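# I'd like to go over a predicted model; first the sequence, then the structure.
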There are 2 protein chains.
Amino acid sequence: MLHHSILETLPRELQKEALERIQVMRFPAGKILFRAGEHCQGLPLMLSGAVKVQMTGVSGNSIVLYRMGADDICTLSIGCLMTGCGYRAEAFVEEESEAAMVPRGLFDRLMDQSAAFRLGIMESYGRRLDDLMLLVEEVAFRRMDERLEEWLEARRSPIHITHQELAVELGTAREVVSRLLKELERKDRVQLSRGRIDVKGL
Amino acid sequence: MLHHSILETLPRELQKEALERIQVMRFPAGKILFRAGEHCQGLPLMLSGAVKVQMTGVSGNSIVLYRMGADDICTLSIGCLMTGCGYRAEAFVEEESEAAMVPRGLFDRLMDQSAAFRLGIMESYGRRLDDLMLLVEEVAFRRMDERLEEWLEARRSPIHITHQELAVELGTAREVVSRLLKELERKDRVQLSRGRIDVKGL
DNA sequence: CCACCAGTGTGACTTTATCACTGAACTGCT
DNA sequence: AGCAGTTCAGTGATAAAGTCACACTGGTGG
């Protein structure tokens, strides 16, 4: 089902046109939506699922920048679309996802014709910028043990993830995650097993 | 003199209207352009000068996120303008600056009427997002001594800055900067004095 | 049943962050 | 000039985080 709030805001006629020109795509879990350096073909409006956007530095280390879920807009694609530059990050499909692909021409037309569409795009940009600013602060100044605990608290147990993946989430090294987790296990706050973490929220 | 490339792109009539509604403001060095939490009144188009945008985390530590110079657009303000949220960062005027303030109404009108204006705004957003992504990677993975050296190389000696300010530039602690600089001095790569660093580019 | 391998644990060491304090350099005052 | 107050810089001690090297372990698939 094609449902995205930014499309709801369009006047009847424009909406009809949009629906005709939009192509809904389905991405299985595990797929790479785009890689660093690739050029983008259209603006994806997320309809369902979950996608993580991460980048890999010159050092070879990676960090998750943010996630996209239902009703999100792939802000990164806008920049690529407008400037013709390639992506700097890569997007990895975590759960099977659907996205409505808005081709360049339609995007221009919607930006031209609908103030509400523009507002939606700008809000999305603003939010992403905010997210990244918070991430910078987090990475620069916050303690890793705190960040790890918060990350764990924010999901529901059991969490299926490897220490390596968790390290990428937090932008640190695998060994650091292993040690901090082990410490938490000693404090009886989690139960560790291969590829799985059970958080004991007592 | 009011000259900003995004205004050049406007068709004659719209440009005339813009020039009428825009107010040029002058900010002396040392002034705070905006603080965290404040709401913004219009979109500043930088005409001249230099402004650094930095944020202070919950920990009390600060980090410089990016700088704005002539012909830049204050991307952060767009988000505040559109969503009505306050700024998350603060902007500090480093060199006396002039900015053309585009009021909300005019901004909406320009977005509505000019594709070129929209493109300019989007490009600016895209660049900022890119900058922040690079910063995240830098802060998360790169070594401080390398980053410090690069920072020093990128300006011309002598550099007038305190260790504390330099720490904020790099998002680290003052002591770390002091020690690394001292180390560089021992290697005869710099000459230190109070509030000043002479880089010996041999 | 065993080889293989991704995932995990850990010691040793380096780099960075934090805390606490000292001293040095500038400023403005008398 | 002499002094007090303030900002800036240096440094030891210690903790946190990152890096490197390598051992172990639980699954998977011959």
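Yes, it's here.
# Check the gap between A:E96 and chain B for me.
A:E96 sits 26 Å away from chain B, going by C-beta to the nearest C-beta, to the nearest Å. In short, each C-beta sits where N, CA and C put it, glycine included.
# Touching, that residue and A:P28? I think so.
Yes - here A:E96 lies in contact with A:P28, judged by C-beta atoms under 8 Å, at a distance of 5.5 Å.
# Which of those two has more residues huddled nearby?
For A:E96 versus A:P28, neighbours defined as other C-beta atoms under 10 Å in any protein chain shown are more numerous around A:E96 (14 against 10).
# From the contact count, pick out the helices and strands touching the one helix or strand A:L14 maps to.
Element membership for A:L14 (DSSP states H and E) is helix A:12-21. Contact here means 3 or more C-beta pairs under 8 Å, 6 or more residues apart in numbering or on different chains; DSSP states H and E; on that basis helix A:12-21 packs against helix A:5-8, strand A:90-103, helix A:104-113.
# list the buried ones in the second one?
By neighbour count, with 16 or more other C-beta atoms under 10 Å in any protein chain shown as the criterion, the buried positions of strand A:90-103 are A:90-94, A:97-102.
# Can you tell me which of those lies closest to A:A115?
The closest of those to A:A115 turns out to be A:V102 (C-beta to C-beta; 17.0 Å).
# now the strands for chain A?
Applying DSSP state E to chain A gives strands spanning A:23-27, A:32-34, A:42-56, A:62-69, A:90-103, A:159-160, A:190-193, A:196-199.
# Same list (the ones you listed) but as a markdown table, adding distance to A:E123 and mean pLDDT.
Converted to a markdown table, those look like this (distance: least, C-beta to C-beta, whole Å; pLDDT from 0 to 100):
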| stretch | distance to A:E123 | mean pLDDT |
| --- | --- | --- |
| strand A:23-27 | 23 | 96 |
| strand A:32-34 | 22 | 94 |
| strand A:42-56 | 14 | 96 |
| strand A:62-69 | 14 | 97 |
| strand A:90-103 | 16 | 96 |
| strand A:159-160 | 31 | 97 |
| strand A:190-193 | 37 | 96 |
| strand A:196-199 | 33 | 97 |
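# So which residue is smack in the middle of chain A?
Nearest residue to the geometric centre of chain A (C-alpha atoms, centre = their mean): A:R67, 2.0 Å.
# thinking again about what came up before, relative orientation of the helix holding A:L14 and strand A:42-56 in degrees?
Orientation check (axes from the mean of the first three to the mean of the last three C-alpha atoms, to 10 degrees): helix A:12-21 against strand A:42-56 gives 60 degrees.
# what is the mean pLDDT for helix A:12-21?
In this model, helix A:12-21 has a mean pLDDT of 95.
# List the buried residues of that helix.
Here helix A:12-21 shows A:14, A:18 as buried, counting by 16+ other C-beta under 10 Å.
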